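Asker: sequence? don't have it. structure:
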Ligand SMILES: [Zn+2]
């Protein structure tokens, strides 16, 4: 299925990655109808939304949001799957553009000094060819006109799939897997941290803690989806 889909986009690059209809001249990657029908969370309209509340008592966060509500079936799951496993990096940029626009519309969002995508371990990056969180960050960066910094935060453990581990083991595993770079220091900055999906918040918590420990940074979080 994935192969067929991939093959189709090589022959017809101008079809919607969600519904496979031919795109018109004003549409790119995802058609207007599919963009309109995404399962939006509208979390950016309230400060104390479900994603923000996930981090209460764990790590100080200025603002947090997820563009969509994840469901095990449906458009956002399918698009994220293509972004992560189907080599469709442009989906990340397109959805990042939409996320960026939703951030600009939020009265609780302050324009950051820098955007940091959740890093990927170098081995995994080599295998996949790109970091999906960085693709989303590029899309957000285009809209906010804010630079991306990928050198300050590093993924030092190549964490394997975590589904069979207990919640606590998962947290321990994630907590130890990120650290700040010794070469690049980020301090006194308003940072927007980007990832594809937020579930337990363990990854974003670990990254935020590392960024805090670098010195006096304010951190906001944005993802494409929130999976309960
Ligand atoms: Zn479509």
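Answerer: Alright, I've got the coordinates. These figures come from a predicted structure and were not determined experimentally.

Asker: only C-alpha atoms from now on, for both contacts and neighbour counts.
Answerer: Fine.

Asker: run through the helices of the protein in chain order.
Answerer: Under the criterion DSSP state H, the chain carries helices at the ranges 2-11, 32-36, 50-54, 75-85, 89-104, 122-128, 132-144, 167-175, 202-214.

Asker: mind checking these for the one nearest to the ion?
Answerer: helix 32-36 (4.3 Å; C-alpha to the ion).

Asker: the closest one vs the ion: in contact?
Answerer: Yes - looking at helix 32-36 against the ion by C-alpha under 5 Å from the ion, the contacts come from residue 34.

Asker: coming back round to it: comparing the helices of the chain, which comes out most buried?
Answerer: helix 132-144 (a mean of 25; mean count of other C-alpha atoms under 10 Å).

Asker: average pLDDT for it?
Answerer: Helix 132-144 carries an average pLDDT of 98.

Asker: residues contacting residue 222?
Answerer: For residue 222, the contacting residues are 64, 65, 66, 67, 99, 192, 193, 194, 195, by C-alpha atoms under 8 Å, 6 or more residues apart in numbering.

Asker: okay, these in TSV with pLDDT and distance to the ion next?
Answerer: Output for these, formatted as TSV (pLDDT from 0 to 100; distance: C-alpha to the ion, whole Å):
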residue	pLDDT	distance to the ion
64	98	28
65	98	24
66	98	21
67	98	18
99	98	18
192	98	29
193	98	28
194	98	25
195	97	24
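
Asker: hmm, back to that, weakest of the helices of the chain by average pLDDT?
Answerer: helix 2-11 (a mean of 58).
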